[in-house]
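# sequence-free structure coming up:
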Ligand code: Q9C
Ligand code: ZN
């Protein structure tokens, strides 16, 4: 451990691993992504590559309570210390069930103390110069653990404990500025909170945020969280808007955020909360960073702090990606250069948006952010977007179902054929025909329907035209469809037009027959109450679904995204929203109905009376074109008020979809949008 820098060929890299950290496992042998095989797989890979022989193996020891206590409460320490003891045998399950994403067994205490102790040991030896750098292959992970709460598979916050140890117990090592780089795909809420007002620790995290819907969810991971008091400016969050981010996205963030800040901050040591769940193939992260990407990210940090870097394992749940990524990092530390590789592709369009938002938010604290980014990277001619819609099958789309007995139409007994817009038994599409019906054909070619397609070659095209004669006339009339629920988010709305599904939805939509996207999109507010009711939907799971009180009130205000579509498309929307698979020989709403609506402001659609959205509202006009929306009947409102029908908060995925829409479309800040939805949930009808 004490050779001088001059006489070495490769760097002195500490490596820590101990099989006893495998003692923490699910109590009943149930499978779990955060399992002992993770660190075993890493160790096997490192051994197979001869890495341990090239490193200095570190002593593994349990952390002392006094040190842990600098970031955790006495109560939390007591809980983790005692949780594995005999007298907690009967209570472990209960306690774990009250926590968020946590399990305990008789080995949890030992593993938690060893993980924290090992990161302290690695950090101390890098700080005092015994080592150039180190890798701590530890579990359970730490960055979600709060001062007084275990969560997100984390018991003690290993990295935070080590940082606090340097600052408070080892002042003589002069580690006055600590940079924590958290590249785990999740936001390290625990670490952020522990140093939120402390300028001695610069916490930087790049993570999936998905507008607040990705674990640990909420606003902690937002780029607006920049620290407070003395620590303002020393907390930097880079929140991805979606999955699929890869090397190009991460390296763009390194180039335009992390590296410039590291230059300005001039850290004395860097601790990496090194989760590898942003790696390609990870089952939780949905991103695609390669081992080469991690290796370059690490190498770029090695020019700071005299190369003093400690990597502490956090997440990472694909054993192969995990092992290969850790191996790439070990090699990089040992050899001082990235592994061989390259990456293709360019950052997402959203990545530039996020980078700009972060720089903008922090420019008063980091003057280097005031320099504009070169224009050519902002206006790219070929922009990259994440893949969103994927049609898995043509099964029933947005069928919302209550678990409670309800008056909804029961179309649940779908067979393979029944959910196509046109009953296939009445259709004849031969391969030679083209034009008008080609959209139908493409629908039938979806996986799972080919058999039905084969069985459908009997009926003439005339039958089709008969059945659809109303479509061509309504395709010439435009209306504004007013959306106030998940459809405010355009990609979700497009599922009703183009078919398919987006993140958060469990079932794909059929789409409209005319798949032309809306001609225009405008935001408006209306004097109606937004509320959430019903208790279960197939698309979003348990929880409420958005409704607008059909009765207006000048004291109410709801945001609405209005899409200019054809009256034909509006009819297809109505069919899908009301979960019906029936074919209608006449339209549900035609131009005469609109005349009626303009006078009477709402109209109940007889043939879908049992559906949840059978009530059409006329909300005025825009550019001489009527604005229509659909909601529940007045009598349902009475039932929601009386408790005869359930009123309940929306499920997270659904709420987040609304949030995405509001943030993309209106001038609302994320706080305002969150507040708006919270308010709609909280107020009684
Ligand atoms: N619906 C780390 O990577 N997911 N923790 C829970 C609940 C928890 C990840 C999903 C993910 C925790 C260290
Ligand atoms: Zn993670």
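Ah, there it is. Keep in mind the model is a prediction, meaning the values are calculated, not measured. Ligands and ions are numbered 1, 2, ... in the order given.

# what's the nearest residue to residue 246 if we skip its chain neighbours?
residue 288 (4.0 Å; CB to CB, 6 or more residues apart in numbering). Quick note: C-beta positions are derived from backbone N, CA and C, even for glycine.

# can you count the residues close to that neighbour?
Residue 288 has 22 neighbours, counted by other CB atoms under 10 Å.

# ok, it touching residue 249?
No. Between residue 288 and residue 249 there is no contact under CB atoms under 8 Å: 9.2 Å.

# got a list of what the nearest residue to residue 476 once chain neighbours are set aside touches?
Nearest residue to residue 476 in three dimensions, chain neighbours excluded: residue 566, at 7.3 Å (CB to CB, 6+ apart). Listed by CB atoms under 8 Å, 6 or more residues apart in numbering, the contact partners of residue 566 are 474, 475, 476, 477, 478, 479, 514, 516.

# same check on residue 350?
240, 241, 242, 385, 386.

# pretty sure the third one is in a strand, no?
Translated: residue 242. No. Read with DSSP: H, G, I helix; E, B strand; the rest coil, residue 242 is coil and lies in no strand.

# ok, it touching residue 209?
No. Counting by CB under 8 Å, residue 209 is not a contact partner of residue 242; they are 9.1 Å apart.

# those two - which one has more neighbours?
Neighbours were counted for residue 242 and for residue 209 using other CB under 10 Å; residue 209 has more, 25 against 20.

# residues contacting the more buried one?
Contacts for residue 209 were tallied using CB under 8 Å, 6+ apart; they are 187, 221, 222, 237, 239, 240, 241.

# tell me which of the residues you listed fall in helices.
Among the contacts of residue 209, no residue falls in helices (DSSP state H).

# can you add distance to residue 497 and pLDDT and give those back as CSV?
As requested, the contacts of residue 209 are arranged in CSV below (distance: CB to CB, whole Å; pLDDT from 0 to 100):
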residue, distance to residue 497, pLDDT
187, 34, 98
221, 32, 96
222, 31, 94
237, 34, 98
239, 29, 97
240, 27, 96
241, 22, 92
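
# what's the local residue count around residue 191?
By other CB under 10 Å, neighbour count at residue 191 equals 31.

# now stretch 155-168: average pLDDT?
The average pLDDT within stretch 155-168 is 98.

# let's number from 851 now, not from 1
Sure, I'll start counting at 851 from here, so that last one is stretch 1005-1018.

# so what's the gap between that stretch and the chain middle?
Centroid displacement of stretch 1005-1018 relative to its chain, using CA atoms, centre = their mean, to the nearest Å, is 28 Å.

# quick check, that stretch touching ligand 2?
No. Applying CB under 5 Å from the ion, one finds stretch 1005-1018 separated from ligand 2 by no less than 12.7 Å.

# flag every residue of the stretch 851-1000 of the chain that's near ligand 2.
Counting by CB under 5 Å from the ion, the stretch 851-1000 of the chain has no residue next to ligand 2.

# ok, which residues in the protein are in contact with ligand 1?
951, 991, 994, 1002-1004, 1034, 1036, 1065, 1125, 1127, 1164-1165 (CB under 6 Å from any ligand atom).

# re earlier: name the member of the contacts of residue 1059 with the most neighbours.
Top of those by neighbour count (other CB under 10 Å): residue 1037, with 29 neighbours.

# next one: phi and psi at residue 1509?
The phi and psi values for residue 1509, taken as degrees, to the nearest 10, are phi -60, psi -40.

# list the contacts of it.
Residue 1509 touches 1061, 1062, 1063, 1520, 1523, 1524, 1527, counting by CB under 8 Å, 6+ apart.

# tell me which of those fall in helices.
Checking the contacts of residue 1509 against DSSP H, those in helices are 1520, 1523, 1524, 1527.

# now, which of the residues you listed sits nearest ligand 2?
residue 1520 (22.1 Å; CB to the ion).

# I'd guessed the closest one sits against residue 1074; true?
Yes. Here residue 1520 reaches residue 1074: they are 7.3 Å apart, a contact under CB under 8 Å.

# shared neighbours of these two, anything?
With CB under 8 Å, 6+ apart, residue 1520 and residue 1074 have no common neighbours.

# how about low-confidence regions in the chain?
851-859, 1225-1233, 1236-1318, 1430-1433 (pLDDT under 70).

# find the residue at the geometric middle of it.
Nearest residue to the geometric centre of the chain (CA atoms, centre = their mean): residue 1064, 3.2 Å.

# quick check: that residue vs residue 1090, distance?
Between residue 1064 and residue 1090 the distance is 8 Å, computed by CB to CB, to the nearest Å.

# residue 972 too?
From residue 972 to residue 1090 the distance is 29 Å (CB to CB).

# next one: residue 1148
20 Å.

# and if you look at residue 1516?
22 Å.

# also residue 1517?
23 Å.

# same thing with residue 950?
Residue 950 is 21 Å from residue 1090, by CB to CB.

# equivalent analysis for residue 1446, please.
48 Å.

# and the closest residue to ligand 1 within the stretch 1251-1400 of the chain, bridged to which residues?
In the stretch 1251-1400 of the chain, the residue that lies nearest ligand 1 is residue 1391 (11.1 Å; CB to the nearest ligand atom). For residue 1391, the beta-bridge partners are residue 1387 (DSSP bridges).

# now do the contacts for it.
So residue 1391 contacts 1356, 1501, 1503 (CB under 8 Å, 6+ apart).

# which of the three states applies to residue 1054?
What three-state DSSP gives for residue 1054 is strand.

# wait, it touches residue 1084, no?
No. Using CB under 8 Å, residue 1054 makes no contact with residue 1084, being 9.3 Å away.

# tell me the one among the contacts of residue 1200 nearest to ligand 2.
Distances from ligand 2 to the contacts of residue 1200, taken by CB to the ion, are shortest for residue 1090, at 12.9 Å.

# right, and that closest one touches residue 1060 too?
Yes. Proximity of residue 1090 to residue 1060 meets the contact threshold set by CB under 8 Å, at 7.2 Å.
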